[in-house]
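Participant: Show me how the following folds:
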Amino acid sequence: MGQAHPEEPHLIDCHLDDLLAARNMTLTHLAELVGVSVVNLSVLKNNRAKAIRFSTLTAICAALHCDVGDILTVRSATHEQ
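Facilitator: Reported below is the predicted structural model:
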């Protein structure tokens with residue numbers, strides 16, 4: 001399996017907006033619960049993140065009472081933006 005080049009777009013979509021809205025929670029409150037900056041969560045939420053620590057992902061799942069697949073999904077290459 002080859003590694004993606006940094007300039008290549010990824011096919012991962014983040015659904016934090018939907019999850020936060022469904023829970024009536026702000027990004028600021030989630031950042032406080034998870035112990036991550038609002039800026040870093042915003043980068044993730046806006047699909048601009050290049051990586052995420054498993055510990056951060058685990059903390060987000062715990063705070064939102066969800067699974068990883070609720071937060072992140074893989075978009076088909078044929079549906080690239």
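Participant: on contacts alone, who are the packing partners of the longest helix anywhere in the chain?
Facilitator: What stands out as the longest helix in the chain, according to DSSP state H, is helix 54-64. The contact analysis (3 or more Cβ pairs under 8 Å, 6 or more residues apart in numbering; DSSP states H and E) places helix 54-64 against helix 16-22, helix 27-34, helix 68-71. Any C-beta I mention is one placed from the backbone N, CA and C, and that applies to glycine too.
Participant: 7 Å instead?
Facilitator: helix 27-34, helix 68-71 (3 or more Cβ pairs under 7 Å, 6 or more residues apart in numbering; DSSP states H and E).
Participant: Send me that helix as PDB with only the CA atoms.
Facilitator: C-alpha atoms of helix 54-64 as PDB (Å, rounded to 0.1, in the frame of the first residue of the first chain):
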ATOM      1  CA  PHE A  54      -6.100   8.000  18.300                       C
ATOM      2  CA  SER A  55      -6.200   9.400  21.800                       C
ATOM      3  CA  THR A  56      -8.000  12.600  20.400                       C
ATOM      4  CA  LEU A  57     -10.300  10.500  18.300                       C
ATOM      5  CA  THR A  58     -11.100   8.300  21.300                       C
ATOM      6  CA  ALA A  59     -11.800  11.400  23.500                       C
ATOM      7  CA  ILE A  60     -14.100  12.900  20.800                       C
ATOM      8  CA  CYS A  61     -16.000   9.600  20.600                       C
ATOM      9  CA  ALA A  62     -16.400   9.500  24.400                       C
ATOM     10  CA  ALA A  63     -17.600  13.100  24.600                       C
ATOM     11  CA  LEU A  64     -20.100  12.700  21.700                       C
END
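Participant: Many thanks, we can stop here.
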